[in-house]
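Asks: Let's see this in three dimensions:
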Amino acid sequence: MTLYQDSVRNDPATLAYAQWMTDAGGQVRTAPVLPPRMLVFDRQVAVLPIDPMDTRRGALCTREEGIVAALLALFQQAWDTAVPLGADRQRETDTGLNPTEKELLKLLATGLTDEAAGKRLGVSLRTVRRQMAALMERLDATSRFEAGLKAAQRGWL
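Replies: Residues are numbered from 1 along each chain as shown. Reported below is the predicted structural model:
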């Protein structure tokens with residue numbers, strides 16, 4: 001079972017690899033935002049980066065049951081809300097937002113900059129700005145502040 005960010009759907013090489021894994025019997029899903037990078041083997045051993053911002057610093061390997069169980073629960077929660085690789089990303093019927101748009105609004109509402117939101121979503125600054133411009137147009141907003149108010153009024157946040 002492998003989780004990728006939704007942005008992998010826009011990267012031909014990674015998408016081809018994920019499709020190869022699926023064709024070989026693996027399960028691949030995507031989500032707008034993922035938990036920290038981790039590997040779990042046989043539900044008994046977990047490997048995590050020592051520094052999530054700089055994975056070259058090394059990894060932590062643990063067999064501690066409590067830590068492994070917590071990481072598995074975190075992964076399962078993310079897995080349950082993710083979309084299978086071959087499936088279309090559905091828009092919510094009540095808001096018309098896809099999961100990435102909804103997550104972008106949430107991240108910006110917490111005060112993250114466009115650049116920080118892009119990093120969390122695994123997309124470029126340009127993509128964040130393009131998505132936000134499209135959302136502002138849908139909301140008929142002339143400023144981000146107005147967009148935030150209208151998004152909240154519509155129950156999008």
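Asks: I would like the residues contacting stretch 65-75, please.
Replies: By CB atoms under 8 Å, 6 or more residues apart in numbering, the residues outside stretch 65-75 that reach it are Met1, Leu3, Pro35, Met38, Val40, Arg43, Gln44, Val45, Ala46, Leu48, Thr62. Yep, even glycine has a C-beta here, placed from its N, CA and C like the rest.
Asks: again, only this time at 6 Å
Replies: Stretch 65-75 has contacts (CB atoms under 6 Å, 6 or more residues apart in numbering) with Pro35, Met38, Ala46.
Asks: Show only the entries of the residues you listed found in strands.
Replies: Members of these lying in strands (criterion: DSSP state E): Ala46.
Asks: Which of the contacts of stretch 65-75 are buried, as a PyMOL select command?
Replies: Burial among the contacts of stretch 65-75 is assessed by 16 or more other CB atoms under 10 Å; the matching PyMOL selection reads:
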select buried, resi 38+46
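Asks: Closest one to Trp79 out of the contacts of stretch 65-75, please.
Replies: Of all the contacts of stretch 65-75, Trp79 sits closest to Pro35, with 9.8 Å by CB to CB.
Asks: ok, the residue nearest to the spatial centre of the chain - contacts?
Replies: In the chain, the C-alpha nearest the mean C-alpha coordinate belongs to Val33, at 1.8 Å (CA atoms, centre = their mean). Contacts for Val33 (CB under 6 Å, 6+ apart) come out as Glu103, Arg120.
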